[in-house]
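Enquirer: below is the sequence, then the predicted model.
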Amino acid sequence: ELYEGFDEEYDCPILDEDRVIDELEDKMSEGGVIIDYHGCDFFPERWFDIVFVLRTENSFLYDRLESRGYKGKKLQDNIQCEIFQTLYEEAMSSYREEIVHQLPSNTPEDLERNLDQIMQWIEQWMKDNN
């Protein structure tokens, strides 16, 4: 129940960002948590040691979103968001530049490489911080 309403135009719930932060604060202070979300500007910088921004070429992204039932303004806005690197720029302005990394997310092979890279980072972080 971390919503403050429903957006009819985008056909999705409207997240109550303050309630999300309140809900996650204790879990995040313990560490060892991964957050997967389509944006980051409201999450506190202190929560993250690294941020990965998944990037998708528009031809792949269009088909992917369309298959999820996105249409109209929601589909167009998501495509424009990728074209203008909105989420990457948001991450760069919200967190230290050295912790923000872009990863390609077009194919199943990209997914495998991304998982490998993230797992390697986690293993190294655990060695360095334990």
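Expert: That came through fine.

Enquirer: as a check, name the ranges of all strands in the protein.
Expert: 3-7, 12-15, 51-55, 100-104 (DSSP state E).

Enquirer: show me what the first one is packed up against.
Expert: Applying 3 or more C-beta pairs under 8 Å, 6 or more residues apart in numbering; DSSP states H and E, we find strand 3-7 packed against strand 12-15. In this view, the C-beta of every residue, glycine as well, is placed from N, C-alpha and C.

Enquirer: cool, and the second one?
Expert: Using 3+ C-beta pairs under 8 Å, 6+ apart, the elements in contact with strand 12-15 are strand 3-7.

Enquirer: who touches the strand it packs on?
Expert: 12-16, 19 (C-beta atoms under 8 Å, 6 or more residues apart in numbering).

Enquirer: just the buried residues of those residues.
Expert: residue 15 (16 or more other C-beta atoms under 10 Å).

Enquirer: in a markdown table: the contacts of strand 3-7, plus pLDDT and distance to residue 130.
Expert: Formatted as a markdown table, the contacts of strand 3-7 follow (pLDDT from 0 to 100; distance: C-beta to C-beta, whole Å):
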| residue | pLDDT | distance to residue 130 |
| --- | --- | --- |
| 12 | 93 | 39 |
| 13 | 95 | 38 |
| 14 | 96 | 40 |
| 15 | 95 | 34 |
| 16 | 97 | 35 |
| 19 | 97 | 33 |
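
Enquirer: that older thread, of all the strands of the chain, which one comes closest to residue 126?
Expert: Nearest to residue 126 among the strands of the chain is strand 51-55 (17.0 Å), distances taken as C-beta to C-beta.

Enquirer: give me the distance between the closest one and the centre of its chain.
Expert: Here the centre of strand 51-55 is set off from its chain's centre by 6 Å, with C-alpha atoms, centre = their mean, to the nearest Å.

Enquirer: and it with strand 100-104, angle?
Expert: Orientation check (axes from the mean of the first three to the mean of the last three C-alpha atoms, to 10 degrees): strand 51-55 against strand 100-104 gives 30 degrees.
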